[in-house]
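In: sequence and computational prediction follow.
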Amino acid sequence: MANSNGQAQITRGQIATDDEIDLGQVLQTLWRGKWVIALCAVLFLLLGAYNVFFRAVPVYTATAALALESREEQIVDIESVVTGLGGDQATVNTEIEVLRSRGLITDLVEDMGLVEDPEFNPEIRDKSGLSIGNAVKWVKGTILRMDTTEEPKEPQAIFDKVVENVMGTISVSNPRQTFVFQISVVTEDPRKSARMANRLAELYIADQINVKFERTEQATIWLTDRVSDLRVDLETAETRLKAFSASTDLISAEGLYALNRQIKELRDRRAALIDEVAKAELRATTLTANQDASVDQRAAAADDIQLNGLAGRAADGNEDALEAFDTRYALLQMRSAQELSRMQNQVAVLDASITDLAQRIERQSTELVNLQQYQREAEANRLIYEHFLSRLKETSVQQGIQQADARILSRAVVPQSPSAPRKGRGMALAMILGAIIGAAIVLGREAAQNTYRLAENIERATGLPVIGQIPTIPARRRKNVLKYLSEKPNSGAAEAIRNLRTSVLLADLDNPPQIIMSTSSVPGEGKTTQSLAMTQNLAGLGKKVLLIEGDIRKRIFGEYFEIETDKGLLAVLSGETTLDEAVRYNETLQADLLIGEASKVNAADVFSSERFNAFLREVREKYDYVIIDTPPVLAVPDARVIGQSVDAIMYAIKWDDTTKRQVADGLRSFQNVNVKVTGLVLTQINRRGMKQYGYGDSYGSYDSYYSN
C-alpha cells in the first residue's frame, strides 16, 4: 500500500499559522507564565515601595474656590460699558483658560517672588547628590575630559522657565452644572500651596476689575473726544440756522398756508370775473351788432326797461321818442363798453396779484424747506450731543464703582497631609504595572516562539495529527537507548513508543501499513531513535520486522550497533548479495537489520530505480513490518523518493527546537510530490522544560502511571 495521488493532500492553508486570536489560548498562555507575571509584579511592587518610601518627595495640594457671578449687581441704574459674563459653557471654559493663562501666572510669579524659590527655579536649586545629570556630567568631565562648564542663562530665559514650572503645579477645574472654579496648587510646602492658590484667586478678581477699569477709562477718553466734536457740530448747525433765518423773510408754515388760501380766493374771484367779462363781451357785441337794426330789435338786444318804454313811441314815428331811443341805446353801448373795460382791468389786476402771490409762495416754500432742514440738523446734533454727554457722565461715574464678575467662594487652607505620593495606591499601581509588563513578556515570548511545544499547536498549524509524543530518553550513549527501553518497559518513553505504534497501525484500519518510513526536517530531531524504538516495539509483539538504514549518506546505525558485515542495502540492490545474506539479526532489537553503505552513486537515483521497488516487494513478502530510516527531507531528496513507495510516514519534530518554518517547508516538500504524511511525532520532550515553560500540566498528570 503506497502513497497515491488519490489520497488527501496537505493544503497551504493547513500549513499556515492561524491569525485569529483565541481568547482561551491567551488565557492558557498567561496561566503558563504565571510565575513570570508574579515575579514582575513583586519586583515592581518592591520598586514602587522604594519609590514611595525613600525617593518620592511629598507634595501638598491646596484648593481655593471661585464663584462666577453671571448677573452683575447694579449699584446705580446705569448701563455698564463692560457687560457682565454670560452663563454659557463657552464663557466658563474661557474663564478657566484665563485662570491658566501665562499672563496671569506671570503676575503670580512676580507678585510672590517665585523666581527666588528653588522649587521652581532650577538655577538656584541644590545640584549636589546622586542624579543622572550629575552622573553624565561627571563622566564627561572626568572620563571623557570634556568641558562641563555651563554657560549662564539669560534672566528672561530663567524667568520663563520658572513661569512654566509654576504653570505645571496649577490646575483649574469646573464641577459639572456649576459656575464654580476650583484652583488647585501642588507644591512641596503646604503653606506655599495655600498662599499661591489664594493669591491666584485674588489676582484673577483684580484682573477682572482692572480690565473693566481700563475699558471704562478708554471709553471715557473716547467719549470726551467725541463730545467735543459733537459740540462743535451742534454750534455750527445752530449758527447756520440763525444766519439763514436772518437772511430771509421767513414766515411760518401757518402763514404760508394763509397765502395759499389767499391765492385760492384770488383765483376763484378771477374765475367768476372771467364769467362776467364773457357776459359783458356778449352784451357789447350784441349791442354793436344791432345798432343799425329796427327799434324793436335794438330794444330786444338792449333789454333795458327805459329803452323798452321809448321803443313803442319811437316805432310810431315820434321823432322825440326816436331821438331819445337812439340816445338811450348809444348810452347803453357806451356803458357796456366801459363795463367790459373795467372788468378786463380787474382781471389783469387779479392776474398780476396771483402771479406775485404765487412767486412769493414758491420762494417762501423753498425757504421754509431749507429752514426746516437746518432746524432738523441742529436738533439731531443736539440730541446726539446730549446722548453722548449723558453717556460720558455715566461712564465717568462707573470708573469708581467697577465690580468683578467672580468672587472668592472659599479660600484655600493649609493642607495637613500630603496629597502624594499615596503609598498604598502607588504600590498597588506599581504591582499592577508589573503584572501587565509580565503578561506582556509572556505573550511576547509566546508570540516570538518559533518552535513547537504543544501537540495542539502543531495540529492547528499543519492540519496533520500528532500521532506520538516521545520524551527525552535518559540514556547517555546512543547504544543504551534500546537497552533502556527493553529494561524499563513501563517507563514514560516506552509507553510513548507503544502509543506511537498504536497510532501508526490504526491510521488506516482497512489497509494497515506494512512499510513505515521515519523522517524529519533537519538532522538531530530523533528520527533514528524513533525508527529503532518502533522496530523494537513491533518485534516485541512477536512480529517479524526489518529495519533498513535508508540514510546511506550519513550511516548512523554504526553508533547504535556493533556491525560485523560490510554488505548492506546497496549490495542487495546491485545483486552483489542476497537479502538473506545481507541482513543481520540483532538481539537487542529482536529484529533483522539492513545497514546502508557508502556509494558514489546518487542515493536518490538508487531509491527511484525499479530495483528498489522490486526490493520492497520482496521484503513485503518476507516480513510483517519494514521500518525505513531516511535522511531529513530538507537535506536531500531521498525521503521524498522513498515516501512514494511506503505505506506510512512518521515525521519527527524535535520539541522546542525545530522551527515552524522548517516544519512547513518539510511538509510542503512532500506535498509537492503528492506524498501524504501519516502523522507527526513530537520528539525529545523535556519534562522539566515543559514545567519551566508552564506546560507541565499537559504531561505531568500521567507520571503516576509510569516507572522511569
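Out: Received it, and whenever you're ready, just let me know what you need.
In: pLDDT below threshold where in this structure?
Out: 1-21, 70-87, 126-152, 249-252, 316-318, 397-402, 565, 689-708 (pLDDT under 70).
In: got the domain ranges for it?
Out: 27-215+419-423, 253-398, 452-705 (automatic domain parsing).
In: what is the burial count for N450?
Out: Other residues lying near N450 total 11 when counted by other CB atoms under 10 Å. Any C-beta I mention is one placed from the backbone N, CA and C, and that applies to glycine too.
In: same question, the one 4 residues further on
Out: Using other CB under 10 Å as the criterion, L454 is surrounded by 20 other residues.
In: cool, D207 as well?
Out: 17.
In: could you do R342 as well?
Out: 12.
In: what's the most buried one of the domains of the chain?
Out: Per residue and on average, the most neighbours among the domains of the chain fall to domain 452-705, with a mean of 19 (mean count of other CB atoms under 10 Å).
In: quick revisit: among the domains of the chain, which comes closest to R411?
Out: For R411, the closest of those is domain 27-215+419-423, at 5.2 Å, according to CB to CB.
In: quote the end-to-end distance of the closest one.
Out: Domain 27-215+419-423 stretches 31 Å from its first residue to its last (CA to CA, to the nearest Å).
In: show me where the stretch 351-500 of the chain has helices.
Out: Assignment of helices within the stretch 351-500 of the chain using DSSP state H, counting those that start in this stretch yields the ranges 423-448, 455-462, 480-487, 492-505.
In: please apply the same query to the stretch 151-300 of the chain.
Out: Using DSSP H, counting those that start in this stretch, helices in the stretch 151-300 of the chain cover 155-169, 190-247, 253-289, 295-302.
In: any idea of the angle the longest one forms with helix 155-169?
Out: Using axes from the mean of the first three to the mean of the last three CA atoms, to 10 degrees, one finds that helix 190-247 and helix 155-169 are set 110 degrees apart in direction.
In: packing partners for helix 190-247?
Out: strand 60-68, helix 89-100, helix 102-112, strand 180-187, helix 319-398, strand 406-410 (3 or more CB pairs under 8 Å, 6 or more residues apart in numbering; DSSP states H and E).
In: so which residue is dead centre in this structure?
Out: N93 (20.7 Å; CA atoms, centre = their mean).
In: contacting residues for the residue nearest to P637 when sequence neighbours are not counted?
Out: Once flanking residues are discounted, P637 sits nearest to A604: 4.8 Å by CB to CB, 6 or more residues apart in numbering. The contact partners of A604, by CB atoms under 8 Å, 6 or more residues apart in numbering, come to 636-638, 641.
In: element containing A604, please.
Out: helix 603-607 (DSSP states H and E).
In: and that helix, how far from the chain's centre?
Out: Centroid displacement of helix 603-607 relative to its chain, using CA atoms, centre = their mean, to the nearest Å, is 66 Å.
In: hey, C-alpha coordinates of the following helix or strand past that helix in PDB?
Out: Sequence-wise, the next helix or strand downstream of helix 603-607 (DSSP H and E) is helix 610-622. Taking Å, rounded to 0.1, in the frame of the first residue of the first chain, the C-alpha atoms of helix 610-622 are listed here in PDB:
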ATOM      1  CA  GLU A 610      12.900  -0.200 -10.400                       C
ATOM      2  CA  ARG A 611      15.400  -2.400  -8.400                       C
ATOM      3  CA  PHE A 612      14.400  -0.600  -5.200                       C
ATOM      4  CA  ASN A 613      10.700  -1.200  -5.900                       C
ATOM      5  CA  ALA A 614      11.400  -4.800  -6.600                       C
ATOM      6  CA  PHE A 615      13.400  -4.900  -3.300                       C
ATOM      7  CA  LEU A 616      10.400  -3.500  -1.400                       C
ATOM      8  CA  ARG A 617       8.100  -6.100  -3.000                       C
ATOM      9  CA  GLU A 618      10.500  -8.800  -1.700                       C
ATOM     10  CA  VAL A 619      10.600  -7.500   1.800                       C
ATOM     11  CA  ARG A 620       6.800  -7.200   1.900                       C
ATOM     12  CA  GLU A 621       6.600 -11.000   1.300                       C
ATOM     13  CA  LYS A 622       9.200 -11.900   3.900                       C
END
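In: against which helices or strands is helix 610-622 packed?
Out: strand 515-520, strand 545-549, helix 569-574, helix 579-582, strand 625-629.
In: redo that, cut-off 7 Å
Out: Applying 3 or more CB pairs under 7 Å, 6 or more residues apart in numbering; DSSP states H and E, we find helix 610-622 packed against helix 569-574.
In: residues making contact with the helix it packs on?
Out: 548-549, 552, 577-579, 582, 594-597, 599, 606, 611-612, 615 (CB atoms under 7 Å, 6 or more residues apart in numbering).
In: with stretch 538-553 instead?
Out: 501, 531-532, 535, 555, 557, 569-570, 583, 589-597, 599, 603, 619, 623-631, 636, 638, 642.
In: what sits opposite V180 in the beta ladder?
Out: Note on V180: beta-bridge partners by DSSP bridges are A67.
In: who are the contact partners of it?
Out: Counting by CB under 7 Å, 6+ apart, the residues that V180 touches are 65-67, 174, 409.
In: looking at those residues, which one is closest to R100?
Out: Taking CB to CB as the measure, R100 lies nearest N174 of the contacts of V180, at 11.7 Å.
In: could you check how far the spatially closest residue to Q306 that is not a sequence neighbour is from I556?
Out: Once flanking residues are discounted, Q306 sits nearest to R328: 5.9 Å by CB to CB, 6+ apart. R328 sits 185 Å away from I556, going by CB to CB, to the nearest Å.
In: and for V185?
Out: With CB to CB as the criterion, V185 and I556 are 79 Å apart.
In: please apply the same query to K567.
Out: 18 Å.
In: check R269 too.
Out: In this view, R269 and I556 are 156 Å apart by CB to CB.
In: also V42?
Out: 48 Å.
In: about what we covered before: using CSV, please lay out the contacts of V180 together with distance to M431.
Out: What follows is the contacts of V180, written out as CSV (distance: CB to CB, whole Å):
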residue, distance to M431
A65, 36
L66, 39
A67, 42
N174, 34
L409, 40
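In: of those residues, closest to T462?
Out: The closest of the contacts of V180, once distances to T462 are taken by CB to CB, is N174, at 61.1 Å.
In: from memory that closest one sits against I183, does it?
Out: No: the pair N174 / I183 is not scored as a contact, 10.8 Å apart, by CB atoms under 7 Å.
In: wait, is P632 part of a strand?
Out: No: with DSSP: H, G, I helix; E, B strand; the rest coil as the criterion, P632 is coil rather than part of a strand.
In: wait, it touches S518, no?
Out: No: using CB under 7 Å as the test, P632 is too far from S518 to be in contact (10.8 Å).
In: before we move on, the earlier item: of the domains of the chain, which approaches D225 most closely?
Out: domain 253-398 (10.0 Å).
In: chain center to that closest one: distance?
Out: On the basis of CA atoms, centre = their mean, domain 253-398 sits 95 Å off its chain's mean C-alpha point.
In: how about the residue nearest to Q306, what does it touch?
Out: With contact taken as CB under 7 Å, 6+ apart, R328 is in contact with 304, 306-307, 310.
In: and these as TSV, adding distance to D207?
Out: As requested, the contacts of R328 are exported to TSV (distance: CB to CB, whole Å):
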residue	distance to D207
D304	112
Q306	115
L307	115
L310	121
